[in-house]
Structure formats: structure tokens, C-alpha cells
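Visitor: sharing a model prediction with you, sequence too.
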Amino acid sequence: MKLSAFQVTRYLFLLSAVILAVFGVGSLMRNGGNGALYVFYALAMFGDAALMLFCYFQLGTRKRLVYWLAVTVLLLNIILTIFDQIGLVDILFMFLNLIALVSLYLARKEFLPA
């Protein structure tokens, strides 16, 4: 079974949303000295996961606004990851978002209205 760039892009959004939700739960479960900060991180991750899920479900509607929202979310994920403490997980997450952004660009004719 060969996946199209359209399907791959949508699955990458879903994968990113799942990863963000898992990290959000991990942040909530973290026992650290600054619990409020971890709650903030978790809420930010859940919000980002919700946006990624929204893009996953709405990209098939071929609306220009949804396409540009998806591009913006991916660019923000990449840029904000750079300004975080860079570790292996950050690099992998940034790479995943970069692959999704390139895939979104390559399949733009399938996502944008004619």
C-alpha cells in the first residue's frame, strides 16, 4: 500500500499530536520543585496537540485558512523548539515537524482549493 503525500502529511500531524499529549501527561506527572511551571508546560502541550488534531481533521476540507494555520503551527513548533533547551527529544520533534512542513508544502495542491 502506497501512501500519498496527502495521507503522510495528515498522519504526521496525528503523530505529533499524540507525542505532544504524551509529553503533556508526562509534565503533569513530574514531581519537581516548581509544579506550576510543569502545569503551564502541560497546558501548552495540550493546546498544541489540540491545534495539531484540528489541522489533522480539517486539512481534507481544502480551505486556504486551514492550510495556512497548519503551516503556522508547524513553523511555531520548529521555531519554539530552537529556543528551548536543545536535547535529543527536541531535535527529533523538530525534525518531525520539519518533515511534516515539507510534506505539507509538497502536497499543497491537494490541500488548497483550485
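Guide: Thanks, I have the structure now.
Visitor: my guess is L101 meets V71, correct?
Guide: Yes: shown here, L101 and V71 form a contact pair, counting by C-beta atoms under 8 Å, at 6.9 Å. Quick note: C-beta positions are derived from backbone N, CA and C, even for glycine.
Visitor: any regions of the chain where pLDDT drops low?
Guide: 1, 31, 114 (pLDDT under 70).
Visitor: helices of that one, start to end?
Guide: 5-29, 35-58, 64-82, 88-106, 108-111 (DSSP state H).
Visitor: check contacts around R108.
Guide: Y67 (C-beta atoms under 8 Å, 6 or more residues apart in numbering).
Visitor: going forward, the N-terminal residue is numbered 33.
Guide: Right, with 33 as the first residue, what we last looked at is R140.
Visitor: distance check, it against A37.
Guide: To A37, R140 is 9 Å away according to C-beta to C-beta, to the nearest Å.
Visitor: and C87, by the same measure?
Guide: On the measure of C-beta to C-beta, C87 and A37 end up 15 Å apart.
Visitor: try S135
Guide: 6 Å.
Visitor: what about the two, which has more around it?
Guide: The neighbour comparison of S135 against A37 (other C-beta atoms under 10 Å) goes to S135, with 20 against 17.
Visitor: skipping its backbone neighbours, what lies nearest that one in space?
Guide: Nearest non-adjacent residue to S135, counting by C-beta to C-beta, 6 or more residues apart in numbering: T41, 4.3 Å away.
Visitor: perfect, I'm done here.
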